[in-house]
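Q: here are the coordinates; sequence isn't available:
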C-alpha cells in the first residue's frame, strides 16, 4: 500500500467516523454519502447509499461497544493509580489491557475505511479522499486550521483583536 493511499485513508477516517457534519444539510455526523453534493461528485447509486447506511450502523454499534469497554478499562486504571502505594505491576498490566483495547478500536475503524474503499473502488475513493482533504483545509469548517490562519476577528490571549 502506498504512503499516499494510507494518508488518504487516515484523512478520510476522521470524516467516516463522525467528526464532520455536513453544513446546512439534513445529514447526520459521519453520513457524508447523504450529502447531495458528495453523492453526486462520486456518483453514488441509491443501492450504494443503502449499503453505506448498513455499514455505518453496524460499525457505529461496534464502536460504541468498544469505546465503552475502553472507558471501563481506563476507570480500572484510575482506581489502581488512586491507591497508595501504587501497585506498579497491576498498573502496567492494566495499561497493557487499555492499549490492546485501543488497538482493537483503531483496527475496527480502519477496517470500516477499507470496506468503504472496497465498495467505492480506487478511483472514487481517491476522489472522496481529495474532497475530504480539501474540506478540512479550505472548507467552511476549516477543521485543521492553524492558529495563524484563524481569520478576521480572531482574538489573541490578551483579548485584543488581531
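A: Cool, got the structure. Small disclaimer: the values here were computed from a predicted structure and weren't measured.

Q: Just give me the longest helix of the protein.
A: Determined from DSSP state H, the single longest helix within the chain is helix 88-138.

Q: pLDDT on it, on average?
A: Helix 88-138 carries an average pLDDT of 92.

Q: Which strands and helices lie in contact with it?
A: helix 3-16, helix 36-41, helix 46-82 (3 or more C-beta pairs under 8 Å, 6 or more residues apart in numbering; DSSP states H and E). Quick note: C-beta positions are derived from backbone N, CA and C, even for glycine.

Q: Mind checking the ones you listed for the one nearest to residue 126?
A: Nearest of those to residue 126, taken as C-beta to C-beta: helix 3-16 at 6.8 Å.

Q: gap between residue 87 and residue 115?
A: As judged by C-beta to C-beta, to the nearest Å, residue 87 and residue 115 stand 41 Å apart.

Q: These two: who's more crowded?
A: When residue 87 is set against residue 115 and neighbours are counted by other C-beta atoms under 10 Å, the residue ahead is residue 115, at 16 against 12.

Q: I am finished for the moment; much appreciated.
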